[in-house]
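Chemist: no sequence on hand, only this structure:
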């Protein structure tokens, strides 16, 4: 990243990998004292970086390169039959854009989601401080997209607005829903939002071929991966 020669980065210590148990993980992180703007985050996203709370990072593991940054090329995306069904059902919901915030309504939905879907993960148990640090930091580029049914909050897609698209930071939703496929709807809605804005990409974070939890990302085609310093098409797995 020669154009960003004034930026400072650091390497984290090695820790057990949360996705591949036999591996150790390490990240290259932007110095958190560096102010992050939308254009800067866009530049770093095009180099395979991702934001989590205050941290902007990229995997930098010495013995493993399984984490592949991926993005959907939106203008070429065509939903399959199952995805069209999700889109059609989702038209019953009202979607609105909000600034990130810690509210009782958001937190109760987040708490229920984490406790139901991710009780075996590092984000359990949830707390208001965790929510604020991870999702509700004030900045110029992050947005909450609310999905409501007759006023009831069903899902929130947390997204960073980039010069060339959106970066899907996280989504949390009613884990008891069996009708709207809310996790898939959050992704599909963001794809359509990018298309309407005339932009190019939905950044989906990292994909690992041997991690079942990440396999859903390959259903959004065409998908590009950042491999050997350049973006290239990843075929459906």
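Modeler: Done, it's in. Since the model is a prediction, treat every value here as computed from it, not as a measurement.
Chemist: ok, the residue nearest to residue 122 when sequence neighbours are not counted - how many residues close by?
Modeler: Distances taken as Cβ to Cβ, 6 or more residues apart in numbering place residue 18 nearest to residue 122, at 6.1 Å, with adjacent residues excluded. Yep, even glycine has a C-beta here, placed from its N, CA and C like the rest. If you count neighbours by other Cβ atoms under 10 Å, residue 18 ends up with 12.
Chemist: now the helix ranked longest in the chain: mean pLDDT?
Modeler: Looking across the chain with DSSP state H, the single longest helix is helix 182-197. Helix 182-197 shows an average pLDDT of 98 in the prediction.
Chemist: right, and the helix or strand after it?
Modeler: Counting by DSSP states H and E, the next helix or strand C-terminal to helix 182-197 is strand 201-207.
Chemist: which strands or helices does that next one pack on?
Modeler: strand 50-52, strand 68-73, strand 165-173, helix 182-197, strand 223-227 (3 or more Cβ pairs under 8 Å, 6 or more residues apart in numbering; DSSP states H and E).
Chemist: and the angle for it with strand 165-173?
Modeler: Angle between the axes of strand 201-207 and strand 165-173 is 60 degrees (criterion: axes from the mean of the first three to the mean of the last three Cα atoms, to 10 degrees).
Chemist: partners of strand 201-207 in the sheet?
Modeler: Within its sheet, strand 201-207 is paired with strand 68-73 (antiparallel), strand 165-173 (parallel), according to DSSP bridges.
Chemist: contacting residues for the residue nearest to residue 122?
Modeler: 25, 121, 122 (Cβ atoms under 8 Å, 6 or more residues apart in numbering).
Chemist: now, of the residues you listed, which are buried?
Modeler: Buried subset of the contacts of residue 18 (neighbour count, 16 or more other Cβ atoms under 10 Å): residue 25.
Chemist: distance to residue 85 added to the strands paired with strand 201-207, as CSV?
Modeler: As requested, the strands paired with strand 201-207 are exported to CSV (distance: least, Cβ to Cβ, whole Å):
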stretch, distance to residue 85
strand 68-73, 19
strand 165-173, 17
